[in-house]
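Peer 1: Got a sequence here, can you build the structure:
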Amino acid sequence: MKHIVLSILLVMCSASGFAKDANLPEESLYNLGSTWKNQSGEDVALVSLQGEVQIIAMIFTSCQYACPMIIADIKKIIEELPKKKQRQIHVSLFSFDPEKDTPKTLDKFSKKSSLGENWQLYTSHDDNVREIAAVLGVKYKKMTNGMFSHSNIINIVNVKGVVLHQQNGINADSSESVKILKELLR
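Peer 2: Just a heads-up that it's a prediction; the model follows:
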């Protein structure tokens with residue numbers, strides 16, 4: 001069912017004028033035409049993420065509860081892989097909070113959180129945040145105190161940008177995520 005919803009959302013976005021790569025499956029996240037800034041301040045098109053197995057999640061850096069736990073869960077998933085396979089995983093974290101999460105803020109957060117070189121953090125404008133959240137099935141709402149209430153979803157994404165698995169919740173059983181990653185990294 002989730003794959004059907006993702007496909008419908010991606011088709012709607014493609015019909016809205018976004019470029020579609022003929023080599024990508026219809027349900028690929030990389031069909032979204034959005035551009036993001038990474039923690040180095042570089043512009044990055046989603047399509048440039050193809051070719052790497054990805055773990056994708058949405059966070060915001062001023063979060064004190066769920067987001068650090070999402071990052072800990074991702075680290076736990078990676079640690080459950082054989083050492084030489086761990087370097088093949090790329091992690092992309094997309095911010096809910098483009099107002100506060102500037103590239104400089106993302107860079108400080110990455111260093112403070114001891115995120116490795118295969119971790120990239122991204123920020124963009126509100127429309128792009130809403131779009132990727134919708135495609136990933138992530139619900140979020142900005143609260144009056146400036147924080148965000150949000151779904152806690154870790155996505156396992158293949159080299160073509162297709163979400164193969166979603167791990168829902170904090171401290172959730174990661175065995176299926178690890179199993180799928182092992183299959184992808186053969």
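
Peer 1: Show me what the residue nearest the centre of the chain is bridged to.
Peer 2: Nearest to the geometric centre of the chain sits residue 56, at 2.6 Å (Cα atoms, centre = their mean). Taking DSSP bridges, one obtains residue 92, residue 155 as the residues bridged to residue 56.

Peer 1: so how far is residue 166 from it?
Peer 2: The spacing between residue 56 and residue 166, counted by Cβ to Cβ, to the nearest Å, is 10 Å. Yep, even glycine has a C-beta here, placed from its N, CA and C like the rest.

Peer 1: what touches both of the two?
Peer 2: Here residue 56 and residue 166 share the contacting residues 136, 154-155, scored by Cβ atoms under 8 Å, 6 or more residues apart in numbering.

Peer 1: which of those residues lies closest to residue 116?
Peer 2: Distance to residue 116, by Cβ to Cβ, is smallest for residue 154 among those, at 16.4 Å.

Peer 1: Leaving out the residues flanking it, which one is nearest to that closest one?
Peer 2: Distances taken as Cβ to Cβ, 6 or more residues apart in numbering place residue 167 nearest to residue 154, at 4.3 Å, with adjacent residues excluded.

Peer 1: can you pull out the strands in the protein?
Peer 2: For the chain, the strands defined by DSSP state E occupy 35-38, 43-45, 53-59, 89-95, 119-123, 140-142, 148-150, 153-157, 163-168.
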